[in-house]
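Chemist: kindly return the folded structure for what I paste below:
(chains A, B and C)
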Amino acid sequence: MNQVKCECGHVNPHGTILCEACGKIIEDGTQITAEAVIDMRYEGSARRSQTYNKSMIDKIWNFFSSVKVGVWLIIVTLIASSLGTILPQEMYIPNIMPVAEYYEDQYGWFGRLYYDLGFHNLYSSWWYLLLVASIGVSLVICSLDRVIPLYRALNKQRVIRHESFLQRQRMFGTTSGSVNEKSYELAIQQLKKKRYHIREDNGNILAEKGRFSRWGPYVNHVGLIIFLIGSMLRFVPGMYIDEVLWVREGETKVIPETDGQYYLKNVDFKLEVYDKEKDNEAFGDALDKTGMVAKNYQSDVILYKTKGNTVAGEEPELEEVDSSSIRVNEPLKFEKFALYQVNYKLDELSKMSFLLTNKSTSETFGDITVNLYDPEKVYELGNGYSVQLMSYFPDFEFGDDGNPTTKSKVPNNPAFVFKMFSPEKPEGEVSFVAIQQTIEPLGDNEYKMAFNGIETKDVTGLTVRKDLTLWIIGLGGLIFMIGVVQGAYWNHRRIWIQRKGDEVWVAAHTNKNWFGLKKEIQLVLAGTEINEPSDQLKDNQVDEGETD
Amino acid sequence: MKKQRLIIRTVILLLLGAAVAYTLYANFTKDEVQKVEVGKKAPDFVLTDLNGEKHQLSDYEGEGVLLNFWATWCKPCEKEMPFLNSQYQAYKDQGVHVIAVNVGESQVAVSDFSKRYDLQFPIVLDKDTQVMTAYGVDPLPITFLIDKQGNVVEIHKGQIIAEADVTEMMEKIKP
Amino acid sequence: MITLSENLLYIAFVLYLLSIPFFGGAIKQKKNLGHQQNSSKSANIGIVISILGFAAQLGFFFTRWSIAGHAPVSNLFEFTTFFGMCLVGAFIIIYFIYKTPLLGLFTMPIALLVIAFASMFPTDISPLIPALQSDWLHIHVTTVALGEAILAVSFGAALIYLVKVIDQTKNSKSTTWLEVVMYGLIATLGFVIVVSAFSFADYKAEFNWIDKNDNEAKVEYHLPAIVGPNQGELLTAERMEPLVSVPGIINAKKLNTVIWSFGAGLILYAILRLILRKRIGAALKPLTKNINLDLVDEISYRSVLIGFPVFTLGGLVFAMIWAQIAWTRFWGWDPKEVWALITWLFYAAFLHLRLSKGWHGEKSAWLAVIGFIIIMFNLVAVNLVIAGLHSYAGS
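Modeler: Down below sits the predicted model:
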């Protein structure tokens, strides 16, 4: 029962609708259309999925092999994707409060519901991934199930086709009476001029071109599958790295994920804005309306590589590898890594100066400069004057217990406990100094630390990226584009010119663009005695709107 | 013929299924991926403590090390310090050491804090966060238990709630 | 120079407008004379005017480019006018393949609407923020616009198909939905008319209001406030008090504009119905009398086939390459990216339904209409409502 033999002698696989060789309709219970034009999809070949439905495996296979299922998967994915754009995804919300609270605070009960349904992280939810994965499975199985039979059918086709095949092509026509050989030759010549590939058998002609466009869909599916494999590989440890690196001006830091091999020094960070006076005057109106517009974010950096093997924590011996500027759209690349300009913080406090001052006379006894990242313990001022730093809170606040404490290590709001030594007060006076605030916890002091200026530094925020999947993704995209163009911009056209008894039959088929095919047939048959075939789908309509 | 087809289909479906299952699994566990894994060798480092003394992890081989990453501004770190302190004293003669790595703070701030809590164990300063980066630490606090072979036995993320937990940890890495 | 550039756009707009009656005339003539050869005079004038308009808009595009120093595709006004220009360009090409003046009668008004709509947004030449300073801006944006424009031609052809094929002698779902599509186009016109009229009258009304974070803020309306902001307090004298106010999480100003547009659209639609005394679809139907259904179906389908790869290239491939360079990752689920994916998925489904399920004719035409709606949604709603990384400085 596996195979069906056609009257032309060709043996077809079970489930074939049109004989692979001669195109005769094979009647073995498969539905035959009573319509004038036969369905030429997949050349009437046996789509395997349609034929077996036995075991569980076959059932799963057949499920994914259905285009209908595939289209449903696309539609469901499409709708699911749109749901994720109603409110911003978790990765785009500011990190100011717990995520659940944020959604409720900003969007009320709807935000709460959105969060509870997991839509705040929709695109990495298990069911969304499963949907995309199902599309991938469907792509593989659909393609396998169709491309092989189609290949067989196109490869096995004979020049001479069965009458029923020719008669039921959309373009079909007959010429009765004798047709001279000149007409044949002229037609062949003109077909060749149109780049048709011609096969002859006993005075019958099959002219074909653009068959490779039939493979377009399968090529683009292969591209998509490669793309999906690339996306999947991202989850393999080591393939994909996404780290943040904050570096202050003047600071040298190890670049994460490079195994301590690479260091980066931030020489200078620049933020430039458009200037009405200096930049293109055409921007004037826009700048007046929107105010400040950023022109450039730039980190001038030096990239170092460590020499020899150093243990983490050790002062490494560094060798300059590269010195460049990182800008938006211009990442710094080294090995498989790229450093991107993504963030910045301007004017972070770096140093603070104080004058040891006598409160009553305002006389000063030298100034100290505190490095806020790494302050000294003792500052000697000479002549019996010195200042000791007892406590330091870079990001000061009062804790729950009322004692000063720090919120972070970043000097956003530095506070100090100084002990001031002077010849008059050799045992020292304690003063708590914060911005705009001085407390003298142990009674009235004679001296104070008078604020005497600050120094600031900019901090650049870089993304450290390594993505070993990029070339696979790119390859997938390229193959997809080739496949799509191949399938969309070329047409597979066939013209049959065959002698049946006294008559000459002409039939033609294209997978798309019938308008173009018709024009081509006109040109090919021009000057011959062969009649142009007519469009059987259009016979009933008044042939108006469309002449050349 | 039919059998062959069944085999081919089964193999393809299994391959596809495995790929999908792996992706789902990897997606779920992606937040838990640690740079330093349990059972693997702990990355070596050298850091200087508040007294100017150098500590290299590999020098501790043959003894257990409780490696704690912390900062003065981190409240949970602050809470677990007393437990570490008292257990350190209980175990230091049994070959278990505590090394507390302060992440990126100044000597002044750290020594002030250390004095306030009277911390006995060595506190090393990871000023340019090299060691923190090498261990992939985020967020604080995090505690690594390293056995006498220098392998990571356990990783405890977040605050240690009770002193008894520290005892348990010490027992695990006691040589 | 800026004035010259802007004048070129006005000229283009007027020429596009002028071309429409000639395309209409071509159809009328054909009815009388029966065959196209004779009718092409009017159509020829129409296409020549269209080409002149297109040339004028190209002039606008390149003069503006030279003034700004970057291709004028960097804000909503510039991108949308460029999209309109591509639509005209795509129509001109398709016209020379298929020689159907009727397509001009349907696509030129759509292009006009698109350009008029664009002009409602700030037209200042704006400097490029760092993320946009890349050659990929030109490559990505122009390819996307071209792809979307070709897909929009498929909408034009589909509309002709539907107008012709839908039976207007009785009420049906199809007649209703066709009217909804017509109403959508008219509402866009309503938006343009209302915004232009009040802008001409220099209408401004300022409100104090309380935003969603309980902060006081100021907002200036350019249309009378039907919908006022949360706890809004009218500051400008002799202006309309809002009829209702909405909670702080809703952008009252935008909602107000939407209500005005749909309201004006409704009035326009009602007036048209009163004048025509039949459905808009029914009124347009005679125009399509002589068109061959298979031909418009094929134009619609081929436009999708041609536009789909172009859109994929611009909207996904080039987009991903640029995103990798500028934003460190080729894909980040930004709303605009997601909607580009949705558009792509939709047309992929369209092609599968057509190729494998045999959805030709009317079904295919409806799909082309939905596709265009998705594109417009991505252009308009995603920029103005769902703000993400792509949000241009629209008002």
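Chemist: most proximal residue of chain B with respect to chain A?
Modeler: Distance from chain A to each residue of chain B (Cβ to the nearest Cβ) is smallest for B:A26, at 3.4 Å. To be clear about C-beta, it is placed using only N, CA and C from the backbone, and glycine gets the same treatment.
Chemist: where does that residue fall, secondary structure wise?
Modeler: In this structure, B:A26 sits in helix B:2-29 according to DSSP states H and E.
Chemist: quick check, central residue of chain C?
Modeler: Closest residue to the average C-alpha location of chain C: C:V114 at 3.9 Å, with Cα atoms, centre = their mean.
Chemist: now for the helix or strand harbouring that residue, which elements pack on it?
Modeler: For C:V114, the host element (DSSP H and E) is helix C:101-118. On a contact count with 3 or more Cβ pairs under 8 Å, 6 or more residues apart in numbering or on different chains; DSSP states H and E, helix C:101-118 meets helix C:2-33, helix C:36-68, helix C:76-98, helix C:135-165, helix C:173-200, helix C:293-311.
Chemist: and the ones you listed, which one's lowest on average pLDDT?
Modeler: Lowest mean pLDDT within the helices and strands packed on helix C:101-118: helix C:2-33, at a mean of 84.
Chemist: and that one with chain A, contact?
Modeler: Yes: contact of helix C:2-33 with chain A (Cβ under 8 Å from any Cβ of the partner chain) involves C:I2.
Chemist: got the angle for that helix vs helix C:101-118?
Modeler: Interaxial angle of helix C:2-33 relative to helix C:101-118 (axes from the mean of the first three to the mean of the last three Cα atoms, to 10 degrees): 150 degrees.
Chemist: so who does C:D124 touch?
Modeler: A:D285, A:A286, A:K289 (Cβ atoms under 8 Å, 6 or more residues apart in numbering or on different chains).
Chemist: these, buried ones only, as a ChimeraX selection?
Modeler: Burial among the contacts of C:D124 is assessed by 16 or more other Cβ atoms under 10 Å in any protein chain shown; the matching ChimeraX selection reads:
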select /A:285,286
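Chemist: what about chain C: which of the contacts of C:D124 touch it?
Modeler: A:D285, A:A286, A:K289.
Chemist: mind checking the backbone torsions on the residue nearest the centre of chain B?
Modeler: Residue closest to the average C-alpha location in chain B (Cα atoms, centre = their mean): B:F144, at 2.7 Å. The phi and psi values for B:F144, taken as degrees, to the nearest 10, are phi -110, psi 130.
Chemist: break the chain into its domains for me.
Modeler: Since no chain was named, I'll use chain A. Using automatic domain parsing, the domain parsing of chain A gives A:47-155, A:162-210+A:491-535, A:240-346+A:461-476, A:350-452.
Chemist: that answer is for a different chain, and I need it for chain B
Modeler: Taken from automatic domain parsing, chain B resolves into B:2-31, B:35-173.
Chemist: in the first one, what counts as buried?
Modeler: It stands for domain B:2-31. Those would be B:L6, B:R9, B:T10, B:I12, B:L13, B:L16, B:A19, B:V20, B:T23, B:L24, B:A26, B:N27, for domain B:2-31 by 16+ other Cβ under 10 Å.
Chemist: so, low pLDDT: which residues of chain B?
Modeler: Scanning chain B for pLDDT under 70 picks out B:1, B:31-33.
Chemist: where exactly do the helices run in it?
Modeler: Here chain B has its helices, by DSSP state H, at B:2-29, B:75-91, B:107-117, B:130-135, B:163-173.
Chemist: ditto for the stretch 101-250 of chain A
Modeler: A:126-156, A:163-167, A:181-193, A:216-233 (DSSP state H, counting those that start in this stretch).
Chemist: who wins for proximity to B:T72 among the ones you listed?
Modeler: Between B:T72 and these, the tightest spacing by Cβ to Cβ is seen for helix A:126-156, at 40.3 Å.
Chemist: packing partners of that closest one?
Modeler: Packed against helix A:126-156, as judged by 3+ Cβ pairs under 8 Å, 6+ apart, are the following elements: helix A:56-65, helix A:67-83, helix A:216-233, helix B:2-29.
Chemist: could you check the angle helix A:56-65 makes with the last one?
Modeler: Comparing the axes of helix B:2-29 and helix A:56-65 via the same axes, to 10 degrees yields an angle of 70 degrees.
Chemist: and the closest residue to A:V370 other than its chain neighbours, how far is that from A:K276?
Modeler: Nearest non-adjacent residue to A:V370, counting by Cβ to Cβ, 6 or more residues apart in numbering or on different chains: A:M352, 5.0 Å away. Here the criterion is Cβ to Cβ, to the nearest Å. By it, A:M352 lies 35 Å from A:K276.
Chemist: rewinding a little: dump the helices and strands packed on helix A:126-156 into CSV; add distance to chain C as well.
Modeler: What follows is the helices and strands packed on helix A:126-156, written out as CSV (distance: least, Cβ to the nearest Cβ, whole Å):
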stretch, distance to chain C
helix A:56-65, 11
helix A:67-83, 4
helix A:216-233, 8
helix B:2-29, 14
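Chemist: let me see the ranges of the strands in the stretch 251-395 of chain C.
Modeler: Using DSSP state E, counting those that start in this stretch, no strands are found in the stretch 251-395 of chain C.
Chemist: pLDDT weak spots in it?
Modeler: Scanning the stretch 251-395 of chain C for pLDDT under 70 picks out the ranges C:386-395.
Chemist: can you lay out the domains of chain A as CSV showing mean pLDDT and distance to B:S106?
Modeler: Shown next, in CSV, are those (pLDDT from 0 to 100; distance: least, Cβ to Cβ, whole Å):
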stretch, mean pLDDT, distance to B:S106
domain A:47-155, 88, 26
domain A:162-210+A:491-535, 88, 72
domain A:240-346+A:461-476, 91, 14
domain A:350-452, 88, 5
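Chemist: ok, which of those comes nearest B:G104?
Modeler: Of all the domains of chain A, domain A:350-452 sits nearest to B:G104, with 5.3 Å by Cβ to Cβ.
Chemist: check the separation of the first and last residues in the closest one.
Modeler: Between the opening and closing residues of domain A:350-452 there is a gap of 14 Å (Cα to Cα, to the nearest Å).
Chemist: ditto for stretch A:364-380
Modeler: 14 Å.
Chemist: in that stretch, which of the residues would be classed as buried?
Modeler: A:F365, A:G366, A:D367, A:I368, A:T369, A:V370, A:L372, A:Y373, A:P375, A:E376, A:Y379.
Chemist: beyond the helix or strand hosting the fourth one, next helix or strand please.
Modeler: This means A:I368. Assigned by DSSP H and E, A:I368 belongs to strand A:364-371. Later in the chain than strand A:364-371, the nearest helix or strand by DSSP H and E is strand A:378-382.
Chemist: that'll do, ta.
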